[in-house]
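Trainee: structure for this input, please:
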Amino acid sequence: MALNLRQKQTECIIRMLNLNQPLKQSGTANEEVYKILIYDKFCQNILSPLIHVKDLRKHGVTLYFLIDKDRKTVRDVPAVYFVQPTQSNIHRIISDASEALYDTFHLNFSSSIPRPLLEDLASGTLKSGSVEKVSKVYDQYLEFVTLEDNLFSLAQQNTYVQLNDPKAVEKDIEAIIERVVNGLFCVLVTLGVVPVIRCPSGGGPAEMVASLLDQKLRDHLLSKNNMFTEGGGFMSSFQRPLLCIFDRNFELSVGIQHDFRYRPLVHDVLGLKLNRLNVQGEKGGMKSFELDSSDPFWSANSSLEFPEVAVEIETQLNKYKRDVEEVNKRTGGGSGAEFDGTDLIGNTKHLMNAVNSLPELTERKQVIDKHTNIATALLGQIKERSIDAFTKKESDMMMRGGIDRAELMAALKGKGTKMDKLRFAIMYLISTETINQSEVESVEAALNEAGADTSAFQYVKKIKSLNVSLAASANSASRSNIVDWAEKLYGQSISAVTAGVKNLLSSDQQLAVTRTVEALTEGKPNPEFDSYLLLDPRAPKPSSGGGSHVKGPFREAMVFMIGGGNYVEYGSLQELTQRQLTLKNVIYGATEILTGSELVEQLGLLAVFFLTYYSLKRLVMACKEDTKASAQDEATEEICKTELESRRFQVDSLEAELLDVKAYLEFGSEEDRVRATATILRYLRSKARALSIPDLPQMEHEKDGGSSCIEDEMLQSIEMVTGVLESLVRRVTEAESETAVQKEMALLGEEELSRKTVQIENLSIKLQEMERFAHGTNSVLSEMRERIEELVEETMRQREKAVENEEELCRVKREFESLKSYVSTFTNVRETLLSSERQFKTIEELFERLVTKTTQLEGEKAQKEVEVQKLMEENVKLAALLDKKEAQLLALNEQCKVMALSLCESKDKPPQFELSSDSFIFHQLDFEHITGLSIYGSLVWLKEGHLPFPSRNAYSDTVDYVIQADVAELQRQLMSMVGGQTEEL
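Mentor: Residues are numbered from 1 along each chain as shown. As a prediction, the model looks like this:
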């Protein structure tokens, strides 16, 4: 996975805001705690491009303040401090803790806090009794500003001036180098990687930074708990990045020249700072815009040329227009469209889609409006300053190594600000190998005529002449101290640039830094870069020079520019990753991100420092020679020493006053700037005139011819300083007439460049059309918003109805499914019924017959009822007769019993009954067969004297049984008769 510095730093800041607790996958802490954030100005710049107010709210930060502001006590709330480890911040933290402003203090320092400051913090809180308030102290190693995923700045201002200041002593240089190394170390700790380091050799700032960084990394890796996560001492170059360190003097021209791509143009012309810029609005107010990775148009088109960006803005605007028209058609907002009230579900869907797409359309409209305003502001500056012409001519100069004199003078006398012309003149000096004195004088005259401050131009010209004279006198043994000093400080500056541009600038206008990084990441032998220093902090330190086990190729690289970087180099390096197969990612950083104007201003400051120091050096040398020539005259020597000391003090005063001039010129308003500058320059001019030695005429008569040469040199040195001040005076005095001159020059420039500005005019027309359309779109959008608001209200009501309709629809669907099954069943039934219709007809016929039969049976029933009635009457009679017969039988039974008893008593023994085959005589009585005997038969048997009973009791029982059986038989017969009649009925 490619290194993403912005993501890494954002994760560290979010963890810090959540009290350095482990985070969940959603990016928030397990327990939400409301807190207060305290930061200093530097850390505010760190947070500004990464964290917005809504992000602070998301992570529980309710209030945020600068540490140097007066704050009130907030009880029971923890405070998160994110500050630099400085003495003033430590004192303020101790004061806040002693006053118990907050419940607990979570201290986070942007870099490692030195031990003396940590001891001051401990002793201060201990004395105030607030040591328990300090929860924890963290070294966050976040002392750098990340502007994009692969772009960072150490935010160390004026590093180029400080490193190249001729008055800087070794201690000052070491302090600056250490600050740069600490910032780079913070970047590497945040990324969690230990890179392989390459830099140009020769003892410059790049080599000093590389060596100190290598030693710092080695010392840190020796500790057990180091902060680098990667393992292994000799990892593959595909897993470790390559860190290339350069000095701004390596390619000075890139930082000065004009560029016509969108991102460098916005930075140079509109002053992009911390991903924000201010643009003049239509009604006179200032509009603030943010340009970062959250802006899709900026991410996709920032590397394009400005005309291509204008075309892309028009394309996006037309696309937005089509989408708005499509939404209007769907919602009935367009002309000729009607809102169909019958199709409620379809209209509701269209309205819901329109409401859902409204935030996206609004966001796209805001992005288009933002870049339209930016492009309009850029176009106005381009037309006014003729930036496109400067860009093309500067590119041609660097490619050809020079420019035609007529074309050069036309550019200096045409359109453009004083700074544009000064930058163009400096690019002319850098691009030419040999200096044509007449051309240089003409350029200086044109700059003076335009009212430009030529300090930076004089500085570059002087340094280049020193390099030429140094090369000419390389074999001479009579070089002076000033030449030695120039060789030490500037030996690799302008000469390195002019030589490097011709050698490294390829046919496709690839920058020297880009070509060098490409060669170093490939790791192949190359005579141009084999002399570069190679340092690997993970490898054993070699005894002689550089050396490493890892030499490439590399998949990832880091490029750091000491003295100020720019968006031109950043864009070129990003294009390299898209063009090369091996190198996949390049992170670009610098001590600060500078525009061309800011770099030229730093060159102007160096010019003042250099000329002042050079003049002072010449004065010292002249005084030394004068002292040797007039050693016999002690009074003259004392006067010279006194005058020298007074002149030194006055030169220091001049330097201080010049710094005040720069401050007024930079921060004051135009009117205040002119007044203050005029007053200060009058004072400086008087001081410059005072530099002339009062007793110089008398000294001239007393000295010989040799000393007069020295005095001439002293006067020339004084005149050099006076010339610089005179240029500043002319700049102020000509400020009032600058507007009229600029108008005349603008008219001349418009006539000369009319053919070259056709494309820009077309773009202007297109942008005006886009502006008019944007105004029209705003009105349409406002009307659409009102329409949408009304539709939203109606949609809310319809949405409620839609919910009810959906529920009803679900119920209807369920009923429809059941009804469908019912219908299928009914269809089968219908088919069955249709097939049974004929049967129904037959049943009707049968029913008619049944009715007829029923009528007949009813008649028969009536007859049967009559018969049954008769039978019932007969049955009653028979029942009475039966009762009578039963009574008779009972009487007869008693008589029989009496008769039998009488017969038995008349004889001596019981009779024996024997039956033969003819008479049916048997000894025992079978009751089953006796049931068939009638009473009459029994009586016959008795009359004949046959007694089939063994005893008297048996006879009596038999008679009773026979009677009962006969009665039962009669009842059965009667019931069968009655039942048959009833069934027929």
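
Trainee: would you map the helices across the stretch 201-350 of the chain?
Mentor: With DSSP state H, counting those that start in this stretch as the criterion, the stretch 201-350 of the chain has helices at 205-222, 252-256, 262-270, 296-301, 306-331, 344-385.

Trainee: between those, which one is closest to Gly564.
Mentor: For Gly564, the closest of the helices of the stretch 201-350 of the chain is helix 252-256, at 6.3 Å, according to C-beta to C-beta. Heads up, the C-betas are built off the backbone N, CA and C, glycines and all.

Trainee: pLDDT on the closest one, on average?
Mentor: Throughout helix 252-256, pLDDT has a mean value of 91.

Trainee: over to stretch 113-121?
Mentor: 94.

Trainee: may I see the buried residues of it?
Mentor: Ile113, Leu118, Asp120, Leu121 (16 or more other C-beta atoms under 10 Å).

Trainee: need the max-distance pair from those residues.
Mentor: For the buried residues of stretch 113-121, and using C-beta to C-beta, no pair is farther apart than Ile113 and Asp120, which are 9.9 Å apart.

Trainee: quick one on the thing from earlier: any chance of the helices of the stretch 201-350 of the chain in CSV, plus mean neighbour count?
Mentor: What follows is those, written out as CSV (neighbours: other C-beta atoms under 10 Å):
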stretch, mean neighbour count
helix 205-222, 19
helix 252-256, 24
helix 262-270, 23
helix 296-301, 16
helix 306-331, 17
helix 344-385, 17
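
Trainee: got those as a markdown table, with distance to Lys393 columns?
Mentor: Below are the helices of the stretch 201-350 of the chain laid out as a markdown table (distance: least, C-beta to C-beta, whole Å):
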| stretch | distance to Lys393 |
| --- | --- |
| helix 205-222 | 31 |
| helix 252-256 | 13 |
| helix 262-270 | 16 |
| helix 296-301 | 25 |
| helix 306-331 | 17 |
| helix 344-385 | 13 |
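
Trainee: and of those, who's closest to Ser531?
Mentor: The nearest among those, by C-beta to C-beta, is helix 205-222 at 11.3 Å.

Trainee: check which helices and strands that closest one sits against.
Mentor: helix 170-191, strand 196-199, strand 242-247, strand 533-535, strand 556-562 (3 or more C-beta pairs under 8 Å, 6 or more residues apart in numbering; DSSP states H and E).

Trainee: send the alpha carbons of the second one over as CSV?
Mentor: I take that to be strand 196-199. Extracted in CSV, the C-alpha atoms of strand 196-199 (Å, rounded to 0.1, in the frame of the first residue of the first chain):
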residue,chain,number,x,y,z
VAL,A,196,17.5,5.4,2.2
ILE,A,197,18.9,8.9,1.9
ARG,A,198,20.5,10.5,-1.2
CYS,A,199,21.7,14.0,-1.7
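
Trainee: strands paired with that strand, and their directions?
Mentor: Sheet pairing here is set by DSSP bridges, and for strand 196-199 it gives strand 242-247 (parallel), strand 533-535 (antiparallel).

Trainee: so of the ones you listed, which one's packed in deepest?
Mentor: Among the strands paired with strand 196-199, strand 242-247 has the highest mean neighbour count (mean count of other C-beta atoms under 10 Å), at a mean of 26.

Trainee: next, the angle strand 556-562 makes with it.
Mentor: 20 degrees (axes from the mean of the first three to the mean of the last three C-alpha atoms, to 10 degrees).

Trainee: and strand 242-247 with helix 170-191, angle?
Mentor: With the same axes, to 10 degrees defining the directions, strand 242-247 sits at 150 degrees from helix 170-191.

Trainee: give me the mean pLDDT for strand 242-247.
Mentor: 95.

Trainee: which residues touch that strand?
Mentor: For strand 242-247, contacts defined as C-beta atoms under 8 Å, 6 or more residues apart in numbering pick out 184, 195-200, 204-206, 209-210, 213, 492, 513, 516-517, 520-521, 552, 554, 556-563.

Trainee: give the contact list for the closest residue to Ala377 other than its chain neighbours.
Mentor: Leaving aside its sequence neighbours, Ala377 sits nearest to Val279 (C-beta to C-beta, 6 or more residues apart in numbering; 4.8 Å). Listed by C-beta under 8 Å, 6+ apart, the contact partners of Val279 are Leu270, Met286, Lys287, Phe289, Asn373, Ile374, Ala377.

Trainee: can you redo these as a markdown table with distance to Thr86 and pLDDT?
Mentor: Shown next, in a markdown table, are these (distance: C-beta to C-beta, whole Å; pLDDT from 0 to 100):
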| residue | distance to Thr86 | pLDDT |
| --- | --- | --- |
| Leu270 | 33 | 92 |
| Met286 | 33 | 83 |
| Lys287 | 35 | 87 |
| Phe289 | 33 | 91 |
| Asn373 | 39 | 91 |
| Ile374 | 37 | 93 |
| Ala377 | 38 | 91 |
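
Trainee: in the stretch 401-550 of the chain, what spans have low per-residue confidence?
Mentor: 467-509, 543-550 (pLDDT under 70).

Trainee: swap the cut-off to 80 and go again
Mentor: 435, 465-510, 541-550 (pLDDT under 80).

Trainee: the stretch 201-350 of the chain now?
Mentor: Filtered on pLDDT under 80, the stretch 201-350 of the chain yields the residue ranges 224, 229-239, 281-285, 327-350.

Trainee: figure out which of the helices and strands packed on helix 205-222 is closest to Ala300.
Mentor: Of all those, it is strand 556-562 that lies closest to Ala300, at 23.1 Å by C-beta to C-beta.

Trainee: and Val568, how far is that from Ser303?
Mentor: Val568 sits 11 Å away from Ser303, going by C-beta to C-beta, to the nearest Å.

Trainee: overlap in contacts of the two?
Mentor: Arg261.

Trainee: before we move on, what SS does Gly129 have?
Mentor: With DSSP: H, G, I helix; E, B strand; the rest coil as the basis, Gly129 sits in coil.

Trainee: backbone dihedrals for Ala452, both of them.
Mentor: phi -80, psi 150 (degrees, to the nearest 10).

Trainee: quick one: contacts for it?
Mentor: Contacts of Ala452 by C-beta under 8 Å, 6+ apart are Lys418, Met419, Lys421, Leu422, Arg731.

Trainee: from those, which is closest to Val898?
Mentor: Nearest to Val898 among these, with distances taken as C-beta to C-beta, is Met419, at 172.3 Å.

Trainee: one step back: among the buried residues of stretch 113-121, which ones are in strands?
Mentor: For the buried residues of stretch 113-121, not one is inside strands, with DSSP state E as the criterion.

Trainee: for those residues, which one is nearest Asn805?
Mentor: Ile113 (67.1 Å).
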